[in-house]
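Undergrad: The following comprises the amino acid sequence and a computationally predicted model.
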Amino acid sequence: MNVSCYERSLNILKEAVVLPVRFPELFAGRNAWRGILLFGPSGAGKTKLVNDSIALTQNSAAVIRAHGNDLVPSNCVRNGCNPESAVVDIFNEVKKTLPKPVILFIDDFECLLNESEKISPEACRRITTELLVQIDDCDKQPGVSVIVAATSKPWDICCPVRKRFDRLVYVTLPDQQTRFAIIKHEFTNFQHNLTDEFFEYLASVTERFSCSDLVMLARDACWNSVRKLQNSSQVQNLMKQDEKMQMNLKNTTGNPSHNQEGRKDSLYQMLNEQSVLKCDVDDALLNMKKSVDDEEIAKFESFNENYGQD
C-alpha cells in the first residue's frame, strides 16, 4: 500500500531507527538520533509508521514496547508507593540489552506524564524526573539505543521531556491520494465489484478521515452486505434447520450429521461469495463520522508550527 503523504515521516524514522541499527558504521564519529516523538491525531497511523520502520531493521535490533498507562502503577496515589518503578524497570531492560542495538517504543506517551485520578501531582513529578534521568543515562551507554514515542496530546508533554527528543514529527491525517490507497487496500479483504473510479470518489468525500476511520468504513460496508444476506429467506431457512439439528443433538450422542455439515458449508459459501456493493458502502458512509474535528487539527498545526522539527 502506497502511503505517499507519510513518506516524509517514514524517511525520518528510517534515518533515526533503521540506519543506525543496520549500518552503525555509518555513524562512527557522528551522533545518531536518540529520540523521536511522533505526534498527531488518534488513528492517523503513528503506530503503523513505527512498526513499518522496525520491520525495515530486519531483526537487527531488540524491540521493547510499552504503553504510557502501563508505566504508571495503579496504586501510585498511595503514600509509600514508588510511582517511578515501572519507568526504572523498562529502562533497565533497555540497558541490559545494550550494547546490542535496542529500540524502545512507548505508545500514548502522554499517559505517562499527565496528572489524573491515577497519578497525583507528586507522583507525576517523580515519574517525570525519573524519565529524564533514565533518558540521559541511556545516552551515556555504549551501543545504539533509540527511543520512539507516540502521542495524540503533544501539548501535555512538558518542555524538559520534549527537549529530550531530537525530532518532533507531525503525522498528519491522510491526504486524498493516501486515502485512495488505504480504501482500496482495505477492500481487497472482501469480495466486491467496486472500481478504482468509485474508490477515487470515496477518497474525495472522506477529507479529514483518519486511517482508522477509513478501515472502519470498509468493515461497516462489509457488514452491511452480510446483514442483507443474513436477512434473506435462504439463509433464514438454513439457520432454522441448523437450530433444529442442534436441539436434536442434545438428546443424542455422536458426531453431527452430514446434512448439518452440508448446511454449514452452504452458509459459509454464501458468506464468502457475498459481494460488497456500492449501496453497502454508501450506507456505511452515511453512518460514519470523522473522529477528528477542525478545532483539533488547528491545535496540532499550531503545535507543529511552534515545536515541530520535521
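TA: It's in.
Undergrad: For burial, what's the neighbour tally of the residue nearest to C211 when sequence neighbours are not counted?
TA: In space, not counting the residues next to it along the chain, C211 is nearest to G45; the distance is 4.5 Å by Cβ to Cβ, 6 or more residues apart in numbering. Heads up, the C-betas are built off the backbone N, CA and C, glycines and all. The burial metric for G45, expressed as a neighbour count using other Cβ atoms under 10 Å, is 26.
Undergrad: now C124
TA: Neighbour count of C124, defined by other Cβ under 10 Å: 20.
Undergrad: The one 4 residues further on too?
TA: Close neighbours of T128, defined as other Cβ under 10 Å, add up to 18.
Undergrad: In contact with the residue positioned nearest the centre of the chain, which residues?
TA: When the chain is reduced to its mean C-alpha position, the closest residue under Cα atoms, centre = their mean turns out to be T47, at 4.1 Å. Residues counted as contacts of T47 (Cβ atoms under 8 Å, 6 or more residues apart in numbering) are D107, A150.
Undergrad: again, 10 Å this time
TA: If you count contacts by Cβ atoms under 10 Å, 6 or more residues apart in numbering, T47 has them with L38, R65, F105, D107, D108, A150, V171, C211.
Undergrad: ditto for L286
TA: By Cβ under 10 Å, 6+ apart, the contact list for L286 reads D220.
Undergrad: Phi first, then psi, for it.
TA: Here the main-chain torsion angles of L286 (degrees, to the nearest 10) amount to phi -60, psi -30.
Undergrad: which stretches of the stretch 101-250 of the chain form helices?
TA: Per DSSP state H, counting those that start in this stretch, the stretch 101-250 of the chain carries helices over the ranges 121-140, 159-162, 176-187, 196-205, 211-230, 233-250.
Undergrad: Columns distance to V146 and mean pLDDT on top of those, output as CSV?
TA: Supplementary listing: the helices of the stretch 101-250 of the chain in CSV, determined by distance: least, Cβ to Cβ, whole Å; pLDDT from 0 to 100:
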stretch, distance to V146, mean pLDDT
helix 121-140, 10, 90
helix 159-162, 16, 93
helix 176-187, 26, 92
helix 196-205, 34, 96
helix 211-230, 24, 86
helix 233-250, 52, 64
